[in-house]
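Engineer: my questions concern the predicted model and sequence given below.
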Amino acid sequence: MIETLILSSLVYNEGYGRKVMPFLKSEYFQTKTDKIVFELIDKYVDLFNSFPNLTSLGIEAERLTDVNEDEIKQIRLRIEELQQQEVGEDWLLSQTEQFCKDRAIFNAISQSIKILDNKNSNATPNQIPVLLEQALAVSFDSHIGHDFIDDADGRYDYYHKRETRIPFDIEYLNKITKGGLPKKSLNIVLAGTGVGKSLFMCHCAAAHVTLGKNVLYITMEMAEERIAERVDANLLNTSLEDLHLMPRDVFHKKIDAVRSQTLGKLIIKEYPTASAGSANFRHLLNELKLKKKFVPDIIYVDYLNICTSSRLKQGANVNSYTYVKAIAEELRGLAVEFNVPIVSATQTTRSGFTSSDLGLEDTSESFGLPATADLMIAMIATEELQDLNQVLFKQLKNRYADPSYLRRFVVGVDRSKMRLYDVEQSAQTDVVNDKSQQNQGPKFDKEAFKQFT
């Protein structure tokens, strides 16, 4: 019986006990007697940082006050049954992990049934997916830290491993990110109203679809159709005005051309403003995988400040700093959980709206957002730049490379077609500094991003 094997090994094998105690729970044991014996062991470890022998375990059992005499006898007998087991530790660890998984799932299903039968007044059916998700996530993490000396070889391999990244179609964005956005990251664009946050994300989404990546675009600011309209203008190389005048057969011909040249998919999902957060997005990702076999390579959220927090209630004695920081942390956690980069945006403050040189201090509502983000870049549009059909990008925070390299650079913008493009090198002369001219970062292959006509 696996419970006997586990309880015996906790008493006789301290090495095994220290590895599994953080993951074992009394609720995993089926009988009340086994639950109590485990709780006695757990309490002893907490108090003395060592594991009890049979004698000390028996004495602790005698001190129990919330059980009757018959139960005390059963506990004594159970303790006496524990014997040293001659089994391999690796096999035992594997069996214990499977035991924890099986019991966690069984308990989650049992709780779900009680909820559906209205036997649990403190829970609602909406909590059932969370219970099952937590149960399925049970596993042992045997890694207990990086040994600086002994793990040096693995660290060297990490330094020289080519990290999977999602590249941009803009050369300077690739340079400052060393080839694109890495997985498990939160990347933020800061700009004032009307500067082009959504244009930036729609352009990048279209470019990534062209590259053959699966893209999920979550919008809470504009309707799904508006986002799709912008992506259409970009991919079909057509102005927004001409898009509305285009005959149906010409439109489908252009869409077929796009389909024939890319394997990527774009899913656009709209939520009402301030009504969805990471918990909703997690459910959406699971639904897309189950119903459409769609797993995104990158996620766009338009935009972060109008998401909700899944942990905090807005207005419940929570200031904007804490609330927006919580949203950012939850989105970054989602990126780690699903192994994708997430790109979102945020507004500038009122003073930042008219500034020609934005800084982190111009982030609206919460400075906790730039503290959480991996990459934060500002988009700046002055009248002079608008006359030149350009927008200025400025690095505010960069965990991927030195942010002083290419601190500022300009990118061309075609607002009628919702497109960004590389400008001539001469346009960068008065913007970038000498250090920026060094040959750093990978050279971008524009052939990967052929424009559709």
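Structural biologist: Now that the structure is in, tell me what you want to look at. Residues are numbered from 1 along each chain as shown.
Engineer: the most centrally placed residue in the chain: which element?
Structural biologist: Nearest to the mean C-alpha position of the chain, by CA atoms, centre = their mean, lies residue 335 at 1.6 Å. In the assignment (DSSP states H and E), residue 335 maps to helix 320-338.
Engineer: tell me the buried residues in that helix?
Structural biologist: Residues of helix 320-338 classed as buried: 323-335, 338 (neighbour count, 16 or more other CB atoms under 10 Å). In short, each C-beta sits where N, CA and C put it, glycine included.
Engineer: helices and strands of this protein: which one has the lowest mean pLDDT?
Structural biologist: helix 350-353 (a mean of 75; mean pLDDT, DSSP states H and E).
Engineer: would you mind identifying the next helix or strand past that one?
Structural biologist: Next helix or strand after helix 350-353 toward the C-terminus (DSSP H and E): helix 368-372.
Engineer: which residues does that following helix contact?
Structural biologist: With contacts defined as CB atoms under 8 Å, 6 or more residues apart in numbering, helix 368-372 is touched by 186, 188, 304, 321-322, 324-325, 328-329, 332, 346, 360, 363, 376, 396-397.
Engineer: strand partners (parallel or antiparallel) of the helix or strand harbouring residue 377?
Structural biologist: Element membership for residue 377, per DSSP H and E: strand 375-380. Sheet neighbours of strand 375-380, with direction, are listed as strand 185-191 (parallel), strand 390-398 (antiparallel) (DSSP bridges).
Engineer: which of these sits most buried?
Structural biologist: Per-stretch averages of neighbours, counted by mean count of other CB atoms under 10 Å, single out strand 185-191 among the strands paired with strand 375-380, with a mean of 26.
Engineer: how far away is the residue sitting furthest away from the middle of the chain from residue 75?
Structural biologist: With distances taken from the mean C-alpha point of the chain and given as CA atoms, centre = their mean, the most distant residue is residue 69, at 52.1 Å. Applying CB to CB, to the nearest Å, the value for residue 69 to residue 75 is 11 Å.
Engineer: before we move on, what about residue 247?
Structural biologist: To residue 75, residue 247 is 83 Å away according to CB to CB.
Engineer: so between these two, which is more surrounded?
Structural biologist: Here residue 247 and residue 75 are compared on neighbour count by other CB atoms under 10 Å; more neighbours surround residue 75, at 23 against 8.
Engineer: so the more buried one versus residue 45, what's the distance?
Structural biologist: 18 Å.
Engineer: kindly report the same for residue 194.
Structural biologist: Relative to residue 45, and taking CB to CB, residue 194 is found at 60 Å.
Engineer: repeat that for residue 367.
Structural biologist: Taken as CB to CB, the spacing of residue 367 relative to residue 45 amounts to 42 Å.
Engineer: of those two, who's got more company?
Structural biologist: The neighbour comparison of residue 367 against residue 45 (other CB under 10 Å) goes to residue 45, with 17 against 13.
Engineer: pull out the buried positions in the strand or helix carrying the more buried one.
Structural biologist: Residue 45 is located in helix 32-48, with elements delineated by DSSP H and E. Buried residues in helix 32-48, counting neighbours by 16+ other CB under 10 Å, are found at 33-38, 40-41, 44-45.
Engineer: does residue 285 touch residue 216 like I think?
Structural biologist: Yes - the pair residue 285 and residue 216 qualifies as a contact (CB atoms under 8 Å) at a distance of 7.5 Å.
Engineer: hey, what's in contact with both of these two?
Structural biologist: Where contact means CB under 8 Å, 6+ apart, the residues bridging residue 285 and residue 216 through contact with each are residue 296.
Engineer: these two - which one has more neighbours?
Structural biologist: Regarding residue 285 and residue 216, a neighbour count based on other CB under 10 Å identifies residue 216 as having more, with 25 against 19.
Engineer: state the distance from that one to residue 136.
Structural biologist: Here the criterion is CB to CB. By it, residue 216 lies 22 Å from residue 136.
Engineer: and for residue 339?
Structural biologist: Computed as CB to CB, the residue 339 to residue 136 distance reads 17 Å.
Engineer: give me the element residue 409 is part of.
Structural biologist: With elements delineated by DSSP H and E, residue 409 resides in strand 408-414, which encompasses its position.
Engineer: what's the helix or strand that that strand is followed by packed up against?
Structural biologist: Moving toward the C-terminus from strand 408-414, the next helix or strand (DSSP H and E) is strand 419-421. Based on contacts counted as 3 or more CB pairs under 8 Å, 6 or more residues apart in numbering; DSSP states H and E, the elements that strand 419-421 packs against are helix 197-210, strand 408-414.
Engineer: I'd like those laid out as CSV, including mean pLDDT.
Structural biologist: Converted to CSV, the helices and strands packed on strand 419-421 look like this (pLDDT from 0 to 100):
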stretch, mean pLDDT
helix 197-210, 94
strand 408-414, 94
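Engineer: where do the strands sit along the stretch 51-200 of the chain?
Structural biologist: Residue ranges of the strands in the stretch 51-200 of the chain, as given by DSSP state E, counting those that start in this stretch, are 165-166, 181-182, 185-191.
Engineer: show me what the strand holding residue 409 is in contact with.
Structural biologist: Defining contact as CB under 8 Å, 6+ apart, one finds that strand 408-414 is touched by 170, 172-173, 196, 199, 385, 389-395, 419-423, 427-428, 431-432, 436.
Engineer: let me know the angle separating that strand from helix 197-210.
Structural biologist: With axes from the mean of the first three to the mean of the last three CA atoms, to 10 degrees as the criterion, the two stretches strand 408-414 and helix 197-210 enclose an angle of 80 degrees.
Engineer: now do strand 408-414: distance to the chain's middle.
Structural biologist: Taking CA atoms, centre = their mean, to the nearest Å, one finds strand 408-414 lying 29 Å from the centre of the chain it belongs to.
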